[in-house]
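**Student:** Build me a model from this:
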Amino acid sequence: MEIVSKNLRHTDVRTRLTIPSKSLKFFPPLRGHKRAVDFDVRDESDRVWKFRLWTRKKRMKKVKYLKPVLTMGWREFVRSKELRVRDRVVFYMEKQQAGGGVKYRVIAEKTVKLFGVVFAYKPIHIVADTRQEQVEEPRQERPNRVRKVPRWLQDYDY
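**Tutor:** The predicted model follows:
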């Protein structure tokens, strides 16, 4: 089930991912007076990312909503996927039959522009490099070549 789909903004790319408050109920619950919870998310290449979901204090008088954000692990994810402003991330929640647990997945999508207008989004698929490393053969030393001196310099006394 898709829980969040978001086009990235400057803040999302530079520091943290802001999440709509209405989506907070789908993420791991905050226990007691804690304002943060760590949870694991798998990406499209099955790599596990550890994110921290953080919220504001509830006691502040002006706070009308918790303003959830992803902090820890988010910047590393952005760098590894080379995400930019206007790219999109989609979070999914999968309920497990056995044990009643929940798994989270994330898909990063790059913008596809046509004539400067966002035309579509293309999922990022990072494929592991399966090529064998090539062993470099040692370079053979070339004999020093004697360079010819131009005629006009031959008579010049250094």
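
**Student:** List of residues touching stretch 45-52?
**Tutor:** Applying Cβ atoms under 8 Å, 6 or more residues apart in numbering, the external contacts of stretch 45-52 come out as 36-43, 70-74, 76-77, 106, 125-128. Where you see a C-beta, it was placed from the backbone N, CA and C, and this is true even at glycine.

**Student:** Could you list which of these belong to strands?
**Tutor:** Cross-referencing the contacts of stretch 45-52 with the strands (criterion: DSSP state E) gives A36, V37, D38, F39, D40, V41, R42, L70, V106 as the overlap.

**Student:** Look at the first one and report its pLDDT.
**Tutor:** The pLDDT attached to A36 in the predicted structure is 86.

**Student:** Show the contacting residues for the closest residue to it other than its chain neighbours.
**Tutor:** Excluding the flanking residues, the one nearest A36 by Cβ to Cβ, 6 or more residues apart in numbering is W54, at 4.5 Å. Each residue near W54 by Cβ under 8 Å, 6+ apart is listed here: R16, R35, A36, P68, V69, L70, T71.

**Student:** top of the residues you listed by neighbour count?
**Tutor:** Taking other Cβ atoms under 10 Å to define a neighbour, the member of those with the most is L70, carrying 25 neighbours.

**Student:** Am I right that it is in contact with T15?
**Tutor:** No. When contacts are counted by Cβ atoms under 8 Å, L70 is not listed as touching T15 (10.3 Å).
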